[in-house]
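1. Structural data only, the sequence is not supplied:
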């Protein structure tokens, strides 16, 4: 799977750990930065390119990390076609995909238990959208809202 990743100074160390995990599972990793720690960088500079790459189908999924994850999820969800969720548990990472077709995982590096990062990533990447009528209906309503806002 081709996975775009990004993170600012607050998520830099976690992004580097995520990169190692993904490569160990033979995923193609596209690291959109930061490529070095810079305490004055800004999360939108890394979150937006990840979301854009996913929404343009240039990556299968995206993973973004910042200090709390909130800036990452807000930024990513500004991109049409991006469905980013802030997930700090395995359940949320799986459920976000199954119920909401989430395609970008946002993680707060100062919030999440780093001992379960690999499990969270596995749940996110292995989950499939459940095509039950209620989930499809809800997703279509979200897409309709997104389309009405961009006209």
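-> In hand now; what should we look at? These figures come from a predicted structure and were not determined experimentally.
2. Quick check: buried residues in the helix of greatest length in the chain?
-> Using DSSP state H, we find that the single longest helix of the chain is helix 133-149. For helix 133-149, burial by neighbour count (16 or more other CB atoms under 10 Å) applies to residue 139. Bear in mind the C-beta positions are built from the backbone N, C-alpha and C, glycine included.
3. Where does pLDDT dip in this protein?
-> 150-151 (pLDDT under 70).
4. hang on, the earlier thing: how about residues contacting the longest helix of the chain?
-> With CB atoms under 8 Å, 6 or more residues apart in numbering as the test, helix 133-149 has contacts from 80-81, 83, 98-101, 129.
5. hang on, residue 6 in a strand?
-> Yes - with DSSP: H, G, I helix; E, B strand; the rest coil as the criterion, residue 6 is part of a strand.
6. What count of nearby residues applies to it?
-> Other residues within reach of residue 6, judged by other CB atoms under 10 Å, total 30.
7. That one pairs with what?
-> Beta-bridge partners of residue 6, counted by DSSP bridges, are residue 64.
8. Residue 66 is in contact with that one, correct?
-> No - here residue 6 lies out of contact with residue 66, judged by CB atoms under 8 Å, at a distance of 9.0 Å.
9. Common neighbours of these two, please.
-> Common neighbours of residue 6 and residue 66, counting by CB under 8 Å, 6+ apart, are residue 47.
10. which residues of the chain fall in helices?
-> Counting by DSSP H, the helices of the chain are 12-24, 44-55, 70-76, 90-100, 117-126, 133-149.
11. just so I know, which of those lies nearest residue 106?
-> In terms of CB to CB, the element of those nearest to residue 106 is helix 70-76, at 4.1 Å.
12. For the closest one, name the packing helices and strands.
-> helix 44-55, strand 61-66, strand 84-86, strand 104-108 (3 or more CB pairs under 8 Å, 6 or more residues apart in numbering; DSSP states H and E).
13. who's in contact with that helix?
-> Against helix 70-76 from outside (CB under 8 Å, 6+ apart): 7-8, 11, 43-44, 47-48, 50-51, 62, 64-66, 82, 84-86, 104, 106-108.
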